[in-house]
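In: dropping a prediction and its sequence here:
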Amino acid sequence: MGALILNATMQTAAGSRVTMTDSIKASDPAGTASMTGAPRSAGTTMAIEDVTLRYGEANGVLALDDVSLKVTKNEFCVIVGPSGCGKSSLLYLAAGLNDATSGSIKVDGREVIEPGPDRGMVFQSYTLFPWLTVRANIEYGPKRKGLPAEQRRQIVDQYLNEVGLAPFADHYPAQLSGGMKQRVAIARALANDPAVLLMDEPFGALDSQTRGTMQKLLLRVWERQQKTVLFVTHDIDEALVLGDRVLVMTARPGKIKAEIKVDIPRPRSMDVILEPDFIALKRRILGLLHDEIDEDH
Amino acid sequence: MAQRRTAWTRLTTPFANIPASTATTLALAMWVAVIGGWALLSYGRVVPNMFLPTPGTVLDTAYRMSLDGSLFYHTFTSAKVVILGFIVSSVIAVPLGLWMGTYRAVQAPLEPLVNFIRYLPVTSFVPLFILWIGIGIEQRIAVIFFGTFFQQLVMISDCARSVSRDLVNASYTLGTKRGEAVWHVIFPAALPAILDTLRVTMGWAWTYLVVAELVAASSGLGYISLKAMRGFQVDVIFMAIAAIGLLGLITDTAFRILRAKVAPWAP
């Protein structure tokens, strides 16, 4: 059974190896980072160092091979990669839902050893609690924290409005569409005020029109809330529309192959996908991913 | 589109809904067919009345036994045995089953044992229960318990185990502690399935009634039908069987209502 082993501590790889990813740094005209919406502090929120994940025993499948990355405070960082490259596995490790074979993950300087409310997560599958109303779902985290009722009500109201679902506060998840469910899931994760928001292809199950609406909504919420986000997707458009920085992963075993700064100014509209800068970045990522898919066959 | 669909297409489409009136009509027609067939066989003397009493005789018997209060007395005794046995069983099986389904460390020792006991015939334990517990109501409750508990345990454990892992994972990322997950997530998520299990096993509890009242009982619907067999009172046996069936139907409906009240969100 793939039961979680939550209390096992992760081993930090002995010795500090320098990881050489053949990262391609996009030319970063001075000040683009600070131009992009909210003011950014330079502090690192999440640091993933030399993380390796092997399923099963020593000769098992190598899912992640020596992955290192840093997510800066208030940054929107996106990981793209071919399916099965271990990008979701990496997110599960960051959430503390699974243990790395070696390496370390730190959030705000604290080692990740188990899941916690400082790392909110939005899953690809619908994970709203079906027995709770929309309101009670969003209230779940603040309730676990032991916040007083009045404060909880304020938080819930704020995020209900943020995702535009106030009229559906007393509905059950079964009464909502897929897009609405994911909006509640985002509100629920944000209501907990996590240090980092992990998003595992949250719009992957939605139709393309709804996906566009959700991306717009997420951008708006992120620009207002100033959150640190680590977002996983296989959709290059989605990565470039949302992200400050896109990390491209190799096919299994997953490694970070390239790092691309997205210099498209914010606030971004959905029309950016038609702009030359956008298309140039997209072409580059497509090239990187095609190499991977070709190597795979 | 919908208008062009004939009633027949709708009736023969997999999972398609049919109007409530049609459903009721079909249900009533079934009863009419069963009772009509019974009446035909018995009144028409196709089967001798010694083996198959007429519906009229059974109703007469029910009326007669209602007048002297004995029907209610026996029904009450039986209901008490079944409901008490079922409650004792459920009160232990629900939390233990939840644990079993949640923690491999609970499942690993219990499951092989439970799966062994589950297949033991309840009937063969009756003499042992009499020896150990005596011939009071406790013995009969023990039979119901034995017949229900181990089945419940396995089924409820399955209910808990089939709760989505992502639901539990999501709850962790929202601040749920490991020890709280059973109560905050797995129990509410499994609740509709648990209530369905209870409803189904309640039916099984009723079927064990006659076994429970086989020996050493001096009242109850199972007891009177066993006694009636010695006197060839087939009408009494039929009445007792019908009474058990009706009681089962009532508890079944009660569980359906309870489920709709407790878990209105579940389909």
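Out: Cool, the structure landed.

In: Provide the backbone phi and psi angles at the residue in the stretch 1-150 of chain B that chain A sits nearest to.
Out: Nearest residue of the stretch 1-150 of chain B to chain A: residue B:104, at 6.0 Å (C-beta to the nearest C-beta). Placement of C-beta: from N, CA and C, glycine included. Main-chain torsions, residue B:104, degrees, to the nearest 10: phi -60, psi -30.

In: same question, residue A:123
Out: Backbone torsions of residue A:123, given as degrees, to the nearest 10, read phi -90, psi 160.

In: that one contacts residue A:203, doesn't it?
Out: No - Residue A:123 lies out of contact with residue A:203 (C-beta atoms under 8 Å); the separation is 11.4 Å.

In: need the strands for chain A, in chain order.
Out: Here chain A has its strands, by DSSP state E, at A:44-54, A:62-72, A:76-80, A:102-107, A:110-111, A:119-122, A:196-200, A:228-233, A:245-249, A:256-261.

In: list the contacts of residue A:151.
Out: Neighbouring residues of residue A:151 by C-beta atoms under 8 Å, 6 or more residues apart in numbering or on different chains: residue A:142.

In: separation between it and residue A:142?
Out: 7 Å (C-beta to C-beta, to the nearest Å).

In: repeat that for residue A:238.
Out: With the distance defined as C-beta to C-beta, residue A:238 ends up 29 Å from residue A:142.

In: what's next to the worst-scoring helix or strand of chain B on mean pLDDT, contact-wise?
Out: The weakest-scoring helix or strand in chain B, judged by mean pLDDT, DSSP states H and E, is helix B:7-11 (a mean of 85). Here helix B:7-11 makes contact (C-beta under 8 Å, 6+ apart) with B:16, B:17, B:18, B:22.

In: so which of those residues belong to helices?
Out: Within those, residues falling in helices by DSSP state H are residue B:22.

In: can you add distance to chain A and neighbour count and give the contacts of helix B:7-11 back as a markdown table?
Out: Listed next are the contacts of helix B:7-11 as a markdown table, based on distance: C-beta to the nearest C-beta, whole Å; neighbours: other C-beta atoms under 10 Å in any protein chain shown:
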| residue | distance to chain A | neighbour count |
| --- | --- | --- |
| B:16 | 20 | 10 |
| B:17 | 17 | 9 |
| B:18 | 23 | 13 |
| B:22 | 26 | 13 |
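
In: count of neighbours near residue 240?
Out: If you meant another chain, say so; for now it's chain A. Counted with other C-beta atoms under 10 Å in any protein chain shown, residues neighbouring residue A:240 total 23.

In: oops, wrong one, chain B.
Out: A count of neighbours around residue B:240, defined by other C-beta under 10 Å, yields 30.

In: residues contacting it?
Out: Contacts of residue B:240 (C-beta under 8 Å, 6+ apart): B:74, B:221, B:222, B:224, B:225, B:228.

In: I'd guessed the last one sits against residue B:237; true?
Out: In other words, residue B:228. Yes - counting by C-beta under 8 Å, residue B:228 touches residue B:237, with 5.0 Å between them.

In: gap between residue A:78 and residue A:69?
Out: Look at residue A:78 and residue A:69: by C-beta to C-beta, they are 11 Å apart.

In: show me what the lengthiest helix in chain B is packed against.
Out: Secondary structure of chain B per DSSP H: the longest helix is helix B:70-102. If contacts are counted by 3 or more C-beta pairs under 8 Å, 6 or more residues apart in numbering or on different chains; DSSP states H and E, helix B:70-102 sits against helix B:55-67, helix B:104-117, helix B:137-161, helix B:187-207, helix B:209-212, helix B:221-230, helix B:234-262.

In: make JSON lines out of the ones you listed and add mean pLDDT.
Out: As requested, the helices and strands packed on helix B:70-102 are arranged in JSON lines below (pLDDT from 0 to 100):
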{"stretch": "helix B:55-67", "mean pLDDT": "94"}
{"stretch": "helix B:104-117", "mean pLDDT": "95"}
{"stretch": "helix B:137-161", "mean pLDDT": "95"}
{"stretch": "helix B:187-207", "mean pLDDT": "94"}
{"stretch": "helix B:209-212", "mean pLDDT": "88"}
{"stretch": "helix B:221-230", "mean pLDDT": "90"}
{"stretch": "helix B:234-262", "mean pLDDT": "93"}
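
In: so which of the strands of chain A gets nearest chain B?
Out: Across the strands of chain A, closest to chain B is strand A:119-122 (C-beta to the nearest C-beta), at 4.1 Å.

In: same for that closest one, what does it pack against?
Out: Helices and strands touching strand A:119-122, by 3+ C-beta pairs under 8 Å, 6+ apart, are helix A:87-95, helix A:178-190, strand A:196-200, helix B:165-173.

In: 10 Å instead, please
Out: If you count contacts as 3 or more C-beta pairs under 10 Å, 6 or more residues apart in numbering or on different chains; DSSP states H and E, strand A:119-122 packs onto helix A:87-95, helix A:178-190, strand A:196-200, strand A:228-233, helix B:165-173.

In: pLDDT (mean, whole number) over the last one?
Out: This points to helix B:165-173. Mean per-residue pLDDT for helix B:165-173: 95.

In: tell me, how many neighbours does the residue in the stretch 151-297 of chain A positioned nearest to chain B end up with?
Out: The minimum distance from the stretch 151-297 of chain A to chain B, using C-beta to the nearest C-beta, falls at residue A:172 (4.2 Å). Neighbours of residue A:172 under the rule other C-beta under 10 Å: 19.
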